[in-house]
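Trainee: just need the structure, nothing else, for what follows:
(one chain, ligands or ions: 1)
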Amino acid sequence: MKCHRDPDELNPIAESLFKIAFLRKDRGVVNLLQWIYERNSCSYCRNGAVEELLTKYGLPAEQAYECRWDCLDLTRKLMRKARRLKRRLGL
Ligand SMILES: [Zn+2]
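Mentor: All right, here's what the predicted structure looks like:
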């Protein structure tokens, strides 16, 4: 989905897409979550998309690495927690 509008106008759209993705719980929502991650400027929406991808569908390694340096502390903490859990489980 391409959008050439003001990035701040995307947040209400991203929030609605996130609600749909959160409620649907099937792999069909991965593209919605990726769109939120890549296009929306709101770091809280991005954090929600990352958490959904990470816990339900899998987060690509490159994206996981990128999230380690996210501007939002919440996202960085989520990634640290995921890395600790992965190490603990020997994955
Ligand atoms: Zn938002």
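Trainee: how much space between the residue of the chain found nearest the ion and Asn11?
Mentor: Taking Cβ to the ion as the measure, the chain has Cys42 as its residue closest to the ion, at 3.0 Å. For the C-beta atoms, the positions are set from N, CA and C on the backbone; glycine is no exception. For Cys42, the distance to Asn11 (Cβ to Cβ, to the nearest Å) stands at 5 Å.
Trainee: give the residue from those two that has the larger number of neighbours.
Mentor: Looking at Cys42 and Asn11 with other Cβ atoms under 10 Å, you find the greater number of neighbours at Cys42, namely 19 against 15.
Trainee: for the ion, what are the nearby residues on this protein?
Mentor: Within the chain, the positions lying close to the ion (Cβ under 5 Å from the ion) are 11, 42, 44-45.
Trainee: among those, which pair sits farthest apart?
Mentor: Taking Cβ to Cβ, the two most distant members of these are Asn11 and Tyr44; they sit 9.0 Å apart.
Trainee: low pLDDT regions in this structure?
Mentor: 1-7 (pLDDT under 70).
Trainee: the closest residue to Val30 other than its chain neighbours and Asp73, how far apart?
Mentor: Counting by Cβ to Cβ, 6 or more residues apart in numbering, Tyr57 is the residue found nearest to Val30 once chain neighbours are left out, at 5.2 Å. As judged by Cβ to Cβ, Tyr57 and Asp73 stand 24 Å apart.
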